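just need the structure, nothing else, for what follows:
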Amino acid sequence: MVATATHISDSSCPLIRMEGVEIDFGRQRVLRDIDLTISRGKTLAVIGESGCGKTVLLKTIIGLLRPTRGLVRFDGRNLAELSERELTKQRIRFGFLFQQAALFDSMTIAQNIGFSLRQHTDKRVDEIRYIVLARLAEVGLPENILDKKPAELSGGMRKRVGLARALALEPEIMLYDEPTTGLDPIMSDVINELILSTRRQHPITSIVVTHDMRTAQKVADRVVMLYPLPRLRADEPQIIYDGPSDRIEQAADNRVSQFVRGEARERLMEMRQLNGR
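Below is the predicted model:
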């Protein structure tokens with residue numbers, strides 16, 4: 001059987017709540033005073049420049065990083081109060097599509113997709129194969145790639161295999177870290193459509209970290225934008241936009257609208273001023 005947590009969910013509370021979360025790496029602070037709630041069944045996109053803390057936010061949500069200050073509640077429970085064994089049980093409820101798919105190079109595609117099933121369940125070989133084939137079909141890949149190694153596939157195919165692997169245990173929450181990075185526009189949109197179809201086919205909550213505005217606006221109900229701390233005043237919040245994906249282009253904050261439109265003029269001026277010091 002799948003190792004599941006014994007905690008009974010309270011559907012009335014947010015699935016994930018971050019309260020005053022700060023993350024420091026030595027003297028460098030990456031996240032500052034983050035207050036964020038994520039509702040069940042919704043898709044949140046987290047956007048922002050490289051280095052603003054998007055991936056750190058994901059790792060904090062899943063308990064791979066512990067806040068320097070503040071706390072993270074998952075399904076009502078403070079992650080800092082859980083033992084490593086309890087944390088492992090909670091993480092099984094997550095599926096994670098990594099930025100570069102992070103497949104095991106030495107394993108076949110079939111072995112990659114079935115990895116979590118072998119690790120966390122006592123399913124028979126034929127049951128695992130059935131699930132592997134179902135997940136493979138779900139991401140639109142042919143059965144004849146099962147015996148191939150990741151190096152034999154294109155970048156877009158590897159991403160889809162990574163998604164199939166993440167879905168194998170039927171997670172409640174999907175985390176996507178830059179799912180379209182390195183892909184051409186057509187394959188990027190294939191991944192976007194798969195994120196949408198995953199949500200339609202499964203009762204799932206999704207968090208998508210991306211700098212791709214097409215992805216953010218297409219797949220998300222809500223968008224949060226983080227800003228790099230070194231470019232903020234001490235009294236400014238790090239979240240500079242939190243609202244519907246279809247209204248972000250009308251955001252009052254120029255920093256948000258410039259990011260959405262990909263306008264670099266003011267950023268270049270900042271860089272020149274810094275270099276001139």
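
Pro185: how many residues sit nearby?
Neighbours of Pro185 under the rule other Cβ atoms under 10 Å: 10. Heads up, the C-betas are built off the backbone N, CA and C, glycines and all.

neighbours around Thr37, how many?
So Thr37, with other Cβ under 10 Å, has 14 neighbours.

give me the secondary structure label for the residue lying closest to it once chain neighbours are set aside.
Leaving aside its chain neighbours, Thr37 sits nearest to Pro14 (4.1 Å; criterion: Cβ to Cβ, 6 or more residues apart in numbering). Judged by DSSP: H, G, I helix; E, B strand; the rest coil, the three-state class of Pro14 is coil.

tell me the SS of the residue nearest to Pro203 when sequence neighbours are not counted?
Distance criterion Cβ to Cβ, 6+ apart; nearest residue to Pro203, sequence neighbours excluded, is Gly41 at 6.5 Å. Judged by three-state DSSP, the three-state class of Gly41 is coil.

for Gly41, give me its contacts.
Neighbouring residues of Gly41 by Cβ atoms under 8 Å, 6 or more residues apart in numbering: 203-205.

do the same with Leu232
Gln238.

gap between it and Ile47?
When Cβ to Cβ, to the nearest Å is the yardstick, Leu232 and Ile47 sit 16 Å from each other.

now swap in Arg66 and tell me
As judged by Cβ to Cβ, Arg66 and Ile47 stand 24 Å apart.

quick one, which of the two is more surrounded?
More crowded of Arg66 and Ile47, by other Cβ under 10 Å: Ile47, with 26 against 14.

ok, the more buried one touching Ala216?
Yes. In this structure Ile47 lies within contact range of Ala216 using Cβ atoms under 8 Å: 5.4 Å.

what is in contact with these two at once?
210, 223.

tally of neighbours for Ser206?
For Ser206, using other Cβ under 10 Å, the count is 25.

that one against Arg40, yeah?
No. Applying Cβ under 8 Å, one finds Ser206 not in contact with Arg40, separated by 10.9 Å.

now stretch 34-48: mean pLDDT?
For stretch 34-48, mean pLDDT is 94.

do a quick rundown of the strands in this protein.
16-25, 28-38, 43-47, 69-74, 77-78, 94-97, 173-177, 205-209, 222-226, 239-244 (DSSP state E).

quick one: strands adjacent to the fifth one?
In other words, strand 77-78. Strand 77-78 pairs in its sheet with strand 69-74 (antiparallel), by DSSP bridges.

can you show me the CA trace of the partner strand as PDB?
Provided in PDB are the C-alpha atoms of strand 69-74 (Å, rounded to 0.1, in the frame of the first residue of the first chain):
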ATOM      1  CA  ARG A  69      12.000  32.600  10.900                       C
ATOM      2  CA  GLY A  70       8.300  32.100  10.500                       C
ATOM      3  CA  LEU A  71       6.400  28.900   9.800                       C
ATOM      4  CA  VAL A  72       4.900  26.800   7.000                       C
ATOM      5  CA  ARG A  73       1.600  25.000   7.600                       C
ATOM      6  CA  PHE A  74       0.700  22.200   5.300                       C
END
